[in-house]
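**Q** give me a model of this one.
(one chain, ligands or ions: 1)
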Amino acid sequence: MHLLNEKAFVNGEWISAKSNKVLNVNNPATGEVIGTVPDMNAEDTQKAIEAASEAFQTWQDTTAKQRTQYLRKWYDLLVLNQESLVKILTIESGKPLIEARGEVVYGNSFIEFFSEEARRIRGEIIASPFANKKILVEKQPIGVAGLITPWNFPHAMITRKAGAALAAGCTCVIKPAEDTPLTALALMQLAAEAGIPKGVLNVVTSDRRHAPEIGNLLCESPLVAGISFTGSTQIGKLLYRQCSSGVKRISLELGGNAPFIVYKSANIDHAVNGAMVSKFRNCGQTCVSANRFLIQNEVYDLFVNKLVMEIKNLKMGNGIDSGVNIGPLINKAQLDKVSSLVDDAVSKGAKLLIGGKQASQYGELFYEPTVLTDVSENMRVYTEEIFGPVVNIIRFENEEESLKIANNTERGLAGYFYSQDVAQIFRVSRKLEVGMCGVNEGLISTAEAPFGGVKESGLGREGSHHGVDDFTHMKYICLGNL
Ligand code: ADP
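**A** Alright, predicted model coming up:
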């Protein structure tokens with residue numbers, strides 16, 4: 001298959017692990033092995049770090065315009081090869097073709113956006129209090145960036161970080177998730193074809209067992225200047241601790257627990273459509289997926305009935321088949337987690353309106369789209385990130401109560417609400433403790449907007465012109481004796 005590479009990419013070369021070990025990559029829809037990649041460890045990663053460090057010596061001196069051109073060439077090739085990328089993404093992640101296409105377009109857009117942004121990274125001249133001194137501020141690349149990415153957006157989570165890093169003048173060592181390394185390697189092939197110099201982008205693939213030693217090395221190596229991580233809160237906290245010894249830059253995009261609030265003035269059809277995309281995109285496996293649905297008393301029955309009807313229209317199956325719009329969960333661990341969350345809720349009194357069990361007629365990793373009502377605080381679905389096709393519904397009486405429930409979590413990534421009351425829109429969007437707020441909208445991600453969270457959902461922002469901040473530092477230059 002075009003762009004399917006089974007070697008890691010270090011210093012411009014396709015290489016094996018020093019141990020020669022490999023790991024299998026499976027199609028979650030069918031369970032079949034679609035390829036193997038090197039199972040690398042810290043020693044292999046050290047080589048990649050050295051290559052990135054060496055490449056940084058020259059890449060940091062390229063002009064912004066040159067970096068724009070490299071990124072633009074890469075973007076053009078990504079567009080040209082869109083359908084091959086879509087296919088690889090679908091077979092290794094299980095997401096339906098239509099969603100894989102959406103991700104590739106979205107992922108590519110970060111390279112386009114940062115190709116433009118590279119030329120707009122600006123310093124400042126600040127008014128000096130001294131007549132004979134000038135205050136200049138220059139933005140400089142931090143150096144080698146370690147990028148650790150998850151399996152739910154195997155393409156976009158890499159381009160969102162690497163696009164910004166390269167635009168700023170940094171070089172990268174990328175560790176993709178063990179479930180989805182093939183997309184990362186396909187991206188590297190196109191970067192190489194675009195002429196991006198060797199060592200600027202490196203991909204180290206590994207099994208889950210080696211992730212801790214690779215992560216630890218990236219956090220502690222003096223040759224690495226910063227880490228950008230997207231993944232679970234648990235691993236994010238670990239990396240944060242590991243970065244402290246070297247006072248290293250870190251940006252973290254961690255789990256969410258998004259509230260999805262429907263107020264009585266809402267357009268219910270819009271709210272149901274928003275709920276469907278926010279909840280069922282990628283089978284619920286996104287960090288901005290609606291996690292708790294809060295529905296105001298007056299519109300509760302209407303919303304729930306319409307939502308259940310829409311859910312009945314979902315077509316589950318192998319993502320490669322046409323018309324399928326909901327696929328499997330990524331792996332057994334995820335399936336077990338989703339089933340145990342639902343079982344826990346039902347055992348504590350939640351009502352099951354639809355779904356609630358595996359859909360094994362499609363394959364081992366499929367779980368039925370599920371709706372739970374009468375969800376309460378003592379249930380795990382209330383506090384934990386579900387990462388699966390499960391809607392849990394809580395009824396509320398008034399705005400104050402909705403905000404109390406919505407903010408009753410240590411997470412704060414995305415939040416959504418539907419209302420036609422202008423004053424309420426301003427009040428609630430200000431009071432929701434989240435980094436991103438969808439108002440009458442369930443799909444908010446775009447390269448132009450800053451993506452990130454508050455509270456334990458993370459540090460830093462990705463995408464938008466702010467996305468380069470984590471890859472640059474400010475240098476103050478004082479010109480004296482003028
Ligand atoms: P998930 O539970 O969704 O797989 P993780 O946070 O465990 O999310 O994984 C996200 C990324 O972090 C993956 O690339 C994974 O291999 C990597 N990872 C897992 N454990 C560690 C670790 N101890 N140090 C660094 N990276 C890790």
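**Q** how about the strands in the stretch 251-400 of the chain?
**A** With strands called from DSSP state E, counting those that start in this stretch, the stretch 251-400 of the chain shows them at 258-262, 290-296, 351-354, 370-373, 390-396.
**Q** ok, the stretch 1-150 of the chain next?
**A** Using DSSP E, counting those that start in this stretch, strands in the stretch 1-150 of the chain cover 8-10, 13-15, 22-26, 33-38, 124-126, 134-141, 144-148.
**Q** which ones are touching the closest residue in space to I125 that isn't next to it in sequence?
**A** The shortest distance from I125 to any non-neighbouring residue, by Cβ to Cβ, 6 or more residues apart in numbering, is to L136 (5.7 Å). Any C-beta I mention is one placed from the backbone N, CA and C, and that applies to glycine too. Shown in contact with L136 (Cβ atoms under 8 Å, 6 or more residues apart in numbering): G123, E124, I125, I126, Y476, I477, C478, L479.
**Q** which one of the strands of the stretch 251-400 of the chain lies nearest to the ligand?
**A** strand 290-296 (14.6 Å; Cβ to the nearest ligand atom).
**Q** turn the contacts of L136 into TSV, including distance to A333.
**A** Converted to TSV, those look like this (distance: Cβ to Cβ, whole Å):
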residue	distance to A333
G123	46
E124	48
I125	53
I126	51
Y476	48
I477	51
C478	54
L479	57
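**Q** ok, back up a step: including distance to Y75, could the strands of the stretch 1-150 of the chain go into CSV?
**A** Converted to CSV, those look like this (distance: least, Cβ to Cβ, whole Å):
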stretch, distance to Y75
strand 8-10, 19
strand 13-15, 22
strand 22-26, 26
strand 33-38, 25
strand 124-126, 29
strand 134-141, 20
strand 144-148, 18
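**Q** which residue sits closest to the most centrally placed residue in the chain in space, ignoring its chain neighbours?
**A** With distances taken as Cα atoms, centre = their mean, the residue of the chain nearest its centroid is M157 (4.8 Å). Among residues not flanking M157 along the chain, T149 sits closest, at 4.2 Å (Cβ to Cβ, 6+ apart).
**Q** that neighbour reaches I174, doesn't it?
**A** Yes - here T149 reaches I174: they are 6.9 Å apart, a contact under Cβ atoms under 8 Å.
**Q** please report phi then psi for T472.
**A** phi -130, psi 150 (degrees, to the nearest 10).
**Q** now the residue of the chain found nearest the ligand: which helix or strand?
**A** Closest to the ligand within the chain is G215: 2.2 Å, counting by Cβ to the nearest ligand atom. Following DSSP states H and E, one finds G215 within helix 211-220.
**Q** now do that helix: which elements does it pack against?
**A** In terms of contacts (3 or more Cβ pairs under 8 Å, 6 or more residues apart in numbering; DSSP states H and E), helix 211-220 is packed against helix 42-59, strand 144-148, strand 171-175, strand 224-230, helix 233-244.
**Q** hang on, the earlier thing: just name the most buried of the strands of the stretch 251-400 of the chain.
**A** Greatest average neighbour count among the strands of the stretch 251-400 of the chain goes to strand 258-262 (a mean of 28), per mean count of other Cβ atoms under 10 Å.
**Q** let's see it as PDB, backbone CA atoms only.
**A** This file holds the C-alpha atoms of strand 258-262, laid out as PDB (Å, rounded to 0.1, in the frame of the first residue of the first chain):
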ATOM      1  CA  ALA A 258     -17.000  18.000  28.900                       C
ATOM      2  CA  PRO A 259     -20.400  19.100  30.000                       C
ATOM      3  CA  PHE A 260     -23.100  19.500  27.200                       C
ATOM      4  CA  ILE A 261     -25.800  21.700  28.600                       C
ATOM      5  CA  VAL A 262     -29.200  22.200  26.900                       C
END
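**Q** okay, M1: pLDDT?
**A** M1 is assigned a predicted lDDT (pLDDT) of 80.
**Q** and it, what does it touch?
**A** So M1 contacts S84, K87, I88 (Cβ under 8 Å, 6+ apart).
**Q** from G35, how far out is it?
**A** Going from M1 to G35 by Cβ to Cβ, to the nearest Å gives 9 Å.
**Q** now the helix holding G215, how far from the centre of its chain.
**A** 20 Å (Cα atoms, centre = their mean, to the nearest Å).
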